[in-house]
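Novice: Pasting the sequence and the predicted coordinates here, then a few questions.
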Amino acid sequence: MQLVASISGAAILVNTVGHVQGALQLGKLEYGWVMAAFGMGATFASIGLGTSHTVQRQTMLTGVGAALTTLVLLPADWVGLRGLLLLWLLAGMGQTLVNVPTQTLIASRVAVDIQGRVYGAHFAWSHLWWAFSYPLAGWLGNHFSDSVFLSSSVIGTAIWGIAQLVCRPSNRPEQSNGLWHDHEHIHDDDHCFHTHHSTQDAKTAHRHLHFHSTAQLEY
């Protein structure tokens, strides 16, 4: 999903100026309005996620965000200024719906003592996708200037679809039923279902996030 978001995001950041001042024959002011709409969409989505009291599946939000930010590019090559303002507003919202829930997933599903390393790995991988997406956006803008946003959307949608097929929850049944929890404990017969780092003494009181399957909970 980060790769999908980076493809659409790079297409917007690299090719909007050429589209606004070239295809639409508008000026720098209108370009500023369009990019402001993109930023405002991201801001509105961040505020909404921060103030919402409804618990949603973070993986679902990430998938919805990736789909939104790439699908809104489909008609972007053929709309006027008002249409582009609306589309870029939605695209910004989609970017936030990818970026924020992924951070929440790391916080809720990764043991506290290794979260720093996982955040670092996530940061590195997500920026690697942008290193791929920026040259792609430039290449598409150079070779498909009349349909650059459509081309980016098609590529992003294809990757989104493949990811949904390969990474859908039914392919990971061990994560479907059970409970993640974090509490202080010393290992005894009730805590024999997970392992520790070699430097950690299982007989010492400690706390970390771990998963109990339904079968283990019933036991």
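Specialist: Perfect, I can see it now. Residues are numbered from 1 along each chain as shown.
Novice: need the contact list for the residue lying closest to residue 147 once chain neighbours are set aside.
Specialist: Leaving aside its sequence neighbours, residue 147 sits nearest to residue 77 (Cβ to Cβ, 6 or more residues apart in numbering; 5.3 Å). In this view, the C-beta of every residue, glycine as well, is placed from N, C-alpha and C. By Cβ atoms under 8 Å, 6 or more residues apart in numbering, the residues touching residue 77 are 19, 23, 146-150.
Novice: just the helices in the chain please.
Specialist: Secondary structure of the chain by DSSP state H: the helices cover 2-18, 28-51, 58-71, 81-109, 115-143, 148-167, 214-218.
Novice: can you list the ones you listed in JSON lines and add mean pLDDT and mean neighbour count?
Specialist: Shown next, in JSON lines, are the helices of the chain (pLDDT from 0 to 100; neighbours: other Cβ atoms under 10 Å):
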{"stretch": "helix 2-18", "mean pLDDT": "95", "mean neighbour count": "23"}
{"stretch": "helix 28-51", "mean pLDDT": "93", "mean neighbour count": "15"}
{"stretch": "helix 58-71", "mean pLDDT": "91", "mean neighbour count": "22"}
{"stretch": "helix 81-109", "mean pLDDT": "92", "mean neighbour count": "19"}
{"stretch": "helix 115-143", "mean pLDDT": "92", "mean neighbour count": "14"}
{"stretch": "helix 148-167", "mean pLDDT": "94", "mean neighbour count": "18"}
{"stretch": "helix 214-218", "mean pLDDT": "49", "mean neighbour count": "10"}
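Novice: hang on, residue 4 packs against residue 68?
Specialist: No. Proximity of residue 4 to residue 68 does not meet the contact threshold set by Cβ atoms under 8 Å, at 10.2 Å.
Novice: Return the distance of stretch 95-108 from the chain's centre.
Specialist: 6 Å (Cα atoms, centre = their mean, to the nearest Å).
Novice: Show residues contacting stretch 51-67.
Specialist: For stretch 51-67, the surrounding residues in contact (Cβ under 8 Å, 6+ apart) are 1, 4-5, 45, 49, 93-99, 101-102, 104-105, 108, 156-157, 160, 164, 169.
Novice: Tabulate the CA atom coordinates of stretch 98-106 in CSV.
Specialist: Listed next in CSV are the C-alpha coordinates belonging to stretch 98-106 (Å, rounded to 0.1, in the frame of the first residue of the first chain):
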residue,chain,number,x,y,z
VAL,A,98,-2.3,4.9,4.1
ASN,A,99,0.4,6.6,6.2
VAL,A,100,-1.3,7.0,9.6
PRO,A,101,-2.8,3.5,10.0
THR,A,102,0.4,1.9,9.1
GLN,A,103,2.1,3.6,12.1
THR,A,104,-0.8,2.5,14.3
LEU,A,105,-0.4,-1.1,13.2
ILE,A,106,3.2,-1.0,14.2
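Novice: Provide the contact partners of it at residue level.
Specialist: By Cβ under 8 Å, 6+ apart, stretch 98-106 touches 1-2, 4-5, 45-46, 49, 58-59, 61-62, 65-66, 69, 115, 118-119, 122.
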